[in-house]
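Asks: the following comprises the amino acid sequence and a computationally predicted model.
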Amino acid sequence: MLLKRNIRGSEGTILVWIILAVAVFLMFRSFGLYPVVMDDEYAHSKFSRLLSFDRAVFPDYLYYIVYRTTSSCGDSFLNCSRILNVLFFVSAVPFIYLIGSRITGKKTALLIAVLSLLGPANVYTAFFMPESMYFFAFWLLTWLFLGAGGQQGMFHWTWMGVIYGLVSLVKPHAIFLLPVFACMFVVFSRQNEERGAIKGIASFAVFLVAAIVTKLGISFLLAGKAGLTAFGPVYLQNVTDRIADSSHYLSFTRLILKNLQGHLLAISLLFSVPVAQALSAVRPSCQEPVGLHIRPYTAATLVTLFILAALIAASAVGTSPFETNGRLHIRYYYFALPLLLLVAVSRLSEDSAGTTPRRRVMFALPIGAAILYAIYTKLAFYTPNFVDSPDLNSITFKPVIFYSLGALSLFALITWLFRPRDGIRVFIYVFLPLSVAFSAVFLNRELGERQIPDVYDKAGVFARHYLSAEKSPDILVVGSDMSGMFRTLLQIDSPAAAMHTTAEIDAMGNSEAAKKMLSEKRWLLVFGNHSLPEETSFKIPMNGFTLAKISGPNILDFKEASWPGVITKASGLYPAEPWGTWSIGNVTLEFTRPLPEKFAIHLWGFTYGSLVGKEFTVHVGKNSGRFTLGPAATKASVIELDNPERSNTLTFDIPSTLSPKAAGLGDDDRILGVAFVKLIISPLLVKW
């Protein structure tokens with residue numbers, strides 16, 4: 001009710017209709033796209049849908065719970081995840097509008113909210129990643145936290161701590177916002193002398209304890225002891241490895257500073273006036289309109305997240321071919337960037353935009369220098385991409401756009417230096433809409449390219465459908481393109497699937513490790529012209545990839561509807577049931593390859609009525625064997641057979657009988673013979 005009451009009015013109505021229209025557009029844009037973000041989408045899909053929570057390497061348990069529902073969509077789980085992404089993303093925008101409407105005019109707040117909705121951040125709605133849900137969680141938390149203004153009691157801060165704990169279960173990066181909240185409690189105490197320092201410390205302690213109990217309590221309930229972690233093993237291992245290696249402290253620091261430089265250049269270029277306005281106006285002691293403390297909150301948030309992004313990038317350098325110090329992980333703070341716009345517009349109605357000429361010069365000069373340096377070098381060392389840094393990547397893809405927007409950003413900054421409110425207007429009403437428009441064109445084009453599957457998408461889809469009878473295909477993917485193979489694994493959608501590069505396979509050679517690896521897998525999916533190991537038998541060569549069956553015992557689980565790579569044709573069987581299948585007359589099984597010269601059949605099955613204890617015959621080539629079955633499949637019947645002709649067909653002679661209903665044994669009126677549960681063919685040594 002509070003949210004509904006606050007967005008009433010013509011601007012609120014317009015915002016609602018824009019949100020609905022954009023939500024429909026985003027859904028249509030992302031439907032049918034093939035996976036985009038290699039390891040990230042595969043990992044989050046796997047941990048959400050395929051594995052138990054205790055096996056997840058990222059403690060995003062609230063995200064996993066919500067997105068586990070996409071399993072109900074079957075093969076369309078990616079599209080269902082995108083629906084959830086869009087719903088979370090657009091649901092954050094009203095909170096941006098509500099905060100903006102408290103500190104500036106409603107029309108300007110509407111513009112900021114709409115530009116945030118249309119901006120590069122919406123690209124994350126197309127990915128199976130927690131970014132969209134985290135975007136919503138951050139702005140909900142920000143609206144509630146800043147709206148309190150430090151005036152609330154302990155009960156309120158307890159609930160705020162609970163909400164913060166839940167946000168950290170969407171992405172553990174929320175833990176790095178803790179210094180921000182600590183800073184804000186200091187600001188609250190300084191601005192409200194009646195509260196006093198003791199009460200401020202007590203409020204923060206209650207907030208912190210509630211957050212810790214919420215995060216660790218829910219994590220333990222969902223994942224047991226594995227959930228009692230702040231960040232999960234991946235991030236923790238990367239950082240601890242760097243810290244433990246004291247000989248590289250200096251080089252690690254250099255990596256952090258070099259990456260941080262890239263973030264500062266990018267933000268200066270993309271948000272010149274808001275950054276200058278925020279830096280020149282922030283004073284922890286000043287009172288904000290209607291109790292909001294947007295400036296210190298923005299400053300503390302972005303400074304903390306800049307350092308976080310540089311730290312993560314530096315700690316991951318060298319851990320994979322994709323991890324270089326030139327990556328700018330703007331996605332670690334993209335959700336907070338509208339704060340800069342809100343700080344800028346908060347001063348539009350004030351004389352001189354609330355700053356002195358000296359302070360404006362103090363911050364405009366270094367920001368202007370950074371813009372000129374970024375334009376001159378075109379950020380040569382850094383490698384923005386539309387996943388890590390969509391804001392930056394979308395204006396650097398064409399030089400004319402990059403130089404034009406760079407010059408416009410600098411012009412807005414110079415205007416702000418002399419006429420602050422005009423400079424803010426140039427940035428908000430000219431630069432920002434143009435930047436958003438170019439970003440939309442670029443990102444829509446990039447995403448549109450993923451509507452056409454490449455060989456890795458096709459291979460994954462083919463393997464998933466061909467092996468659909470196997471609930472969790474045990475398959476090894478081999479190729480040279482790691483990003484492509486991650487997308488293949490996402491399409492295969494099996495927790496038992498794994499991958500190795502061709503270089504890793506070649507390095508193994510015929511070692512015991514290679515043999516062990518093959519013995520643990522049933523299928524190979526190989527890209528390119530890489531040779532197949534001798535242990536493979538059945539194979540399906542396709543354009544660009546080959547699906548091959550790894551040799552081993554022939555195993556038939558009769559709960560399955562088919563047995564790819566094992567059986568080419570089967571007759572005399574009813575459709576599979578949850579326990580196995582019944583025979584209808586004689587049963588013939590034609591295998592994909594010749595059966596061994598001498599082998600043993602291990603058959604788990606049962607029968608009923610007059611057939612219990614009766615001898616049945618199985619034939620291979622010119623030879624045959626006999627076996628009997630009881631009323632329950634308590635143990636396997638073993639039949640040894642010679643097969644000098646290397647025949648590939650087994651035939652079971654099963655005499656016709658009455659139906660269970662006719663025999664007075666139930667209501668089933670089907671003519672039944674033998675119940676097949678499981679069959680294994682094991683080769684035996686030939687006796688000379």
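Replies: Nice, I can see it.
Asks: show me where this protein has its strands.
Replies: 475-479, 498-501, 523-527, 536-541, 545-550, 554-557, 567-573, 581-591, 598-606, 615-620, 623-628, 637-642, 649-653, 675-683 (DSSP state E).
Asks: residue ranges with poor pLDDT in the stretch 101-250 of the chain?
Replies: Low-confidence segments of the stretch 101-250 of the chain, defined by pLDDT under 70: 149-151, 192-196, 234-247.
Asks: cool, the stretch 551-688 of the chain as well?
Replies: Scanning the stretch 551-688 of the chain with the threshold set as pLDDT under 70 gives 552, 656, 685-688.
Asks: quick check: Ala295 vs Gln277, distance?
Replies: No, residue 295 isn't Ala; it's Arg. Distance, Arg295 to Gln277, by Cβ to Cβ, to the nearest Å: 9 Å. The C-beta positions use only the backbone N, C-alpha and C, and glycine is treated the same way.
Asks: now do the shared contacts for the two.
Replies: Each of Val343 lies in contact with both Arg295 and Gln277 under the rule Cβ atoms under 8 Å, 6 or more residues apart in numbering.
Asks: neighbour-wise, which of those two wins?
Replies: Applying other Cβ atoms under 10 Å to Arg295 and Gln277 shows that Gln277 carries more neighbours, namely 32 against 25.
Asks: neighbours of the nearest residue to His619 once chain neighbours are set aside, how many?
Replies: Nearest non-adjacent residue to His619, counting by Cβ to Cβ, 6 or more residues apart in numbering: Thr651, 4.5 Å away. If you count neighbours by other Cβ under 10 Å, Thr651 ends up with 18.
Asks: quick one on the thing from earlier: nearest to Val162, out of the strands of the chain?
Replies: The closest of the strands of the chain to Val162 is strand 498-501. By Cβ to Cβ, the value is 38.9 Å.
Asks: helices of the stretch 151-300 of the chain, residue ranges please.
Replies: In the stretch 151-300 of the chain, the helices defined using DSSP state H, counting those that start in this stretch lie at 154-168, 178-191, 196-223, 233-244, 249-270, 272-281, 294-316.
Asks: relative to helix 272-281, how tilted is the fifth one?
Replies: So the one you mean is helix 249-270. Counting by axes from the mean of the first three to the mean of the last three Cα atoms, to 10 degrees, helix 249-270 lies at 110 degrees to helix 272-281.
Asks: circling back to that earlier point, reformat the strands of the chain as TSV; add distance to Val209.
Replies: As requested, these are arranged in TSV below (distance: least, Cβ to Cβ, whole Å):
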stretch	distance to Val209
strand 475-479	46
strand 498-501	42
strand 523-527	50
strand 536-541	58
strand 545-550	54
strand 554-557	52
strand 567-573	61
strand 581-591	58
strand 598-606	56
strand 615-620	69
strand 623-628	68
strand 637-642	64
strand 649-653	67
strand 675-683	54
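Asks: in stretch 369-387, what's buried?
Replies: Residues Ala370, Ile371, Ala374, Ile375, Leu379, Tyr382, Thr383, Pro384, Phe386, Val387 are the ones in stretch 369-387 that count as buried (16 or more other Cβ atoms under 10 Å).
Asks: identify the residues contacting the fourth one.
Replies: Taking Cβ under 8 Å, 6+ apart as the definition of contact, the neighbours of Ile375 are Leu269, Phe402, Tyr403, Gly406, Ala407, Leu410.
Asks: now do it against Ser409, distance only.
Replies: Distance of Ile375 to Ser409, given as Cβ to Cβ: 9 Å.
Asks: residues shared between the contacts of the two?
Replies: Listed as contacting both Ile375 and Ser409 by Cβ under 8 Å, 6+ apart are Leu269.
Asks: before we move on, back to that, where's the dip in pLDDT among the buried residues of stretch 369-387?
Replies: Lowest pLDDT within the buried residues of stretch 369-387 is found at Phe386 (86).
Asks: got a list of what that one touches?
Replies: Val123, Asn393, Ser394, Phe442, Leu443, Glu446.
Asks: pLDDT below threshold where in the stretch 301-450 of the chain?
Replies: Low-confidence segments of the stretch 301-450 of the chain, defined by pLDDT under 70, span residues 349-355.
Asks: re the thing from before, now the contacts of Ile375: which count as buried?
Replies: With burial judged by 16+ other Cβ under 10 Å, the buried subset of the contacts of Ile375 is Leu269, Phe402, Gly406, Leu410.
Asks: looking at those residues, which is nearest Val674?
Replies: The nearest member of these to Val674, counting by Cβ to Cβ, is Phe402 at 73.1 Å.
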